[in-house]
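S.K.: Structure for the following, please:
(one chain, ligands or ions: 1)
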Amino acid sequence: MRKKIVAGNWKMNKTYGEALLLGTEVADMVSREHHPELLTILAPAFPFLTAVSRATDGTDGISIAAQNCHHEISGAFTGEVSVPMIISCSAHYVIIGHSERRQYFNETDELLLAKLKTAIGHGLRPIFCIGETKAQRESGKHFETIQSQLEKTLFHFSAAQVAMTVIAYEPVWAIGTGLNATPEQVQEMHAFIRGLLLKKYGIAVAENVSILYGGSCNASNAATIFGCPDVDGGLIGGASLKTEDFAAIRKAMIAQLKTQSITQE
Ligand code: PGA
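M.R.: Down below sits the predicted model:
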């Protein structure tokens, strides 16, 4: 069965000491409230990957992610960070295609495809973000936007390669705005994405790829969002920066896992 994931995208927040403290507190919380089917991922800024990785090392059920990577392996690219560098910091995941990268750093589908190739080729698992803008949703183009984002990038890979990827559906209009998508909108889009996976790769891939929701997910709406059958967790921005808020979101996912196992019995 696919993994449930609660991932904290810290973005450009926290200094060294603050990142270390948050990483340590989250690791304590995860070891106190562990669930074997829940993976917690922390994505600190590049300079703190190693520190946060060490602070969480030895805690079952936590992985570290980078927030971005360069598509080349090494070379004269001042200021950039490569996939092998990220792996050498003990990170196992990398966020690729976040809408802030697409929007503020002009990352195109072509570039994202190159980044995915490098990450997947080195065994670094992508958390691949897709999402429509407000204008695309309002003009009824949200499904075709998502389909096109996938066809130009992730759908270039084999079934085995896609199976190592996590998809994050993050409607751009819901990120950092406090406006989260309704459970109906979330479930409808997640089911659509899973349907595309099914059509292209078959049931095994469709059933095993975790699809996360991101965009103003917080302690008060997490339970409702995680209750949607095709939602496998969340990519959390603002609400991942405080241990208590992040803990409450994890609790909502653990409660959901417990309900599922009772229903299945
Ligand atoms: P948000 O960010 O939770 O602050 O809306 C989510 C994200 O950008 O991944």
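S.K.: all helices of this protein, in order?
M.R.: Remark: helices assigned in the chain by DSSP state H are 16-32, 49-56, 83-88, 99-104, 109-121, 134-138, 142-151, 159-163, 183-201, 203-208, 222-226, 243-264.
S.K.: Tell me how many other residues crowd the closest residue to the ligand within the stretch 1-150 of the chain.
M.R.: Of all residues in the stretch 1-150 of the chain, residue 9 sits closest to the ligand, at 4.2 Å by C-beta to the nearest ligand atom. C-beta coordinates here come from the backbone N, C-alpha and C atoms, glycine included. Residues near residue 9, counting by other C-beta atoms under 10 Å, number 27.
S.K.: C-alpha coordinates for stretch 123-137, PDB please?
M.R.: Output in PDB follows, covering the C-alpha atoms of stretch 123-137 (Å, rounded to 0.1, in the frame of the first residue of the first chain):
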ATOM      1  CA  GLY A 123      18.000   7.400  -6.800                       C
ATOM      2  CA  LEU A 124      17.000  10.700  -5.100                       C
ATOM      3  CA  ARG A 125      13.200  10.600  -4.800                       C
ATOM      4  CA  PRO A 126      11.400  13.600  -6.200                       C
ATOM      5  CA  ILE A 127       8.400  15.200  -4.500                       C
ATOM      6  CA  PHE A 128       7.100  16.600  -7.700                       C
ATOM      7  CA  CYS A 129       4.800  19.600  -7.400                       C
ATOM      8  CA  ILE A 130       2.000  20.400  -9.900                       C
ATOM      9  CA  GLY A 131      -0.800  22.900  -9.600                       C
ATOM     10  CA  GLU A 132      -3.000  25.400 -11.500                       C
ATOM     11  CA  THR A 133      -3.100  29.100 -11.000                       C
ATOM     12  CA  LYS A 134      -6.200  31.000 -10.000                       C
ATOM     13  CA  ALA A 135      -6.800  32.200 -13.600                       C
ATOM     14  CA  GLN A 136      -6.500  28.600 -14.900                       C
ATOM     15  CA  ARG A 137      -9.000  27.300 -12.400                       C
END
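S.K.: Any residue of that stretch touching the ligand?
M.R.: No: contact of stretch 123-137 with the ligand (C-beta under 6 Å from any ligand atom) is absent, the minimum separation being 7.1 Å.
S.K.: So which bits of that stretch are buried?
M.R.: For stretch 123-137, burial by neighbour count (16 or more other C-beta atoms under 10 Å) applies to 124, 125, 126, 127, 128, 129, 130, 131, 132, 133, 136, 137.
S.K.: Export the residues you listed as CSV, with columns for distance to residue 21 and pLDDT.
M.R.: Shown next, in CSV, are these (distance: C-beta to C-beta, whole Å; pLDDT from 0 to 100):
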residue, distance to residue 21, pLDDT
124, 26, 98
125, 26, 98
126, 28, 98
127, 24, 98
128, 30, 98
129, 27, 98
130, 32, 98
131, 31, 98
132, 36, 97
133, 35, 96
136, 39, 96
137, 38, 95
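S.K.: could you dump those to CSV with distance to residue 151?
M.R.: Converted to CSV, those look like this (distance: C-beta to C-beta, whole Å):
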residue, distance to residue 151
124, 23
125, 21
126, 16
127, 19
128, 13
129, 16
130, 11
131, 15
132, 15
133, 18
136, 16
137, 19
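S.K.: Touching, residue 247 and residue 32? I think so.
M.R.: No: using C-beta atoms under 8 Å, residue 247 makes no contact with residue 32, being 9.3 Å away.
S.K.: The two: which has the busier surroundings?
M.R.: residue 247 (19 against 8).
S.K.: just to revisit the earlier point, give me every residue that touches the residue of the stretch 1-150 of the chain closest to the ligand.
M.R.: The contact partners of residue 9, by C-beta atoms under 8 Å, 6 or more residues apart in numbering, come to 43, 67, 95, 98, 214, 235, 236, 237, 240.
S.K.: OK, contacts around the closest residue to the ligand within the stretch 101-250 of the chain?
M.R.: In the stretch 101-250 of the chain, the residue that lies nearest the ligand is residue 237 (2.3 Å; C-beta to the nearest ligand atom). With contact taken as C-beta under 8 Å, 6+ apart, residue 237 is in contact with 9, 11, 175, 176, 214.
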